[in-house]
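**Q** Next input, structure requested:
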Amino acid sequence: MSGEPRPAGHPDGLSPEEAARWERLARRLLIGSGLVMGAMIALTFLALAMAPQDDSTLGTMKALVFRCH
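**A** Below you'll find the model as predicted:
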């Protein structure tokens, strides 16, 4: 605690300009991480769609699933 009075309405002691800057940064990080997650999910579905659908792959996947769970 520095002993300086805090501005009214800003319990964390940030000025309105600083608060707006941090809010913009948080918004950018949230949007960016959402885009990265969306891209990862889309690439996962693309990889599953491109995987061979023959019986050997299906049998291997079933063996892995039932052995691990």
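
**Q** how about the helices of this protein, start to end?
**A** In the chain, the segments counted as helices under DSSP state H are 16-50, 55-68.

**Q** Out of those helices, which gets the lowest mean score?
**A** Of all those, mean pLDDT reaches its minimum on helix 55-68 (a mean of 70).

**Q** still on that earlier bit, is it possible to get a markdown table of the helices of the chain that adds mean neighbour count?
**A** C-beta here means a position set from N, CA and C on the backbone, and glycine is covered the same way. Output for the helices of the chain, formatted as a markdown table (neighbours: other CB atoms under 10 Å):
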| stretch | mean neighbour count |
| --- | --- |
| helix 16-50 | 10 |
| helix 55-68 | 9 |
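
**Q** Quick check: pLDDT value at the closest residue in space to Trp22 that isn't next to it in sequence.
**A** Spatial nearest neighbour of Trp22, excluding adjacent residues (CB to CB, 6 or more residues apart in numbering): Leu14 at 7.1 Å. On pLDDT, Leu14 comes in at 80.

**Q** quick one: Leu14 and Glu23, what's the gap?
**A** Between Leu14 and Glu23 the computed distance is 10 Å (CB to CB, to the nearest Å).

**Q** With Leu30 instead?
**A** Distance from Leu30 to Glu23, by CB to CB: 10 Å.

**Q** and if you look at Leu46?
**A** Taken as CB to CB, the span from Leu46 to Glu23 is 34 Å.

**Q** same deal with Thr44?
**A** Taking CB to CB, one finds Thr44 at 32 Å from Glu23.

**Q** State the number of residues packed around Leu14.
**A** Residues near Leu14, counting by other CB atoms under 10 Å, number 15.

**Q** Next up, the contacts around Glu18.
**A** Listed by CB atoms under 8 Å, 6 or more residues apart in numbering, the contact set of Glu18 is empty.

**Q** same deal with the one 10 residues further on?
**A** Under the criterion of CB under 8 Å, 6+ apart, Arg28 has no neighbours.
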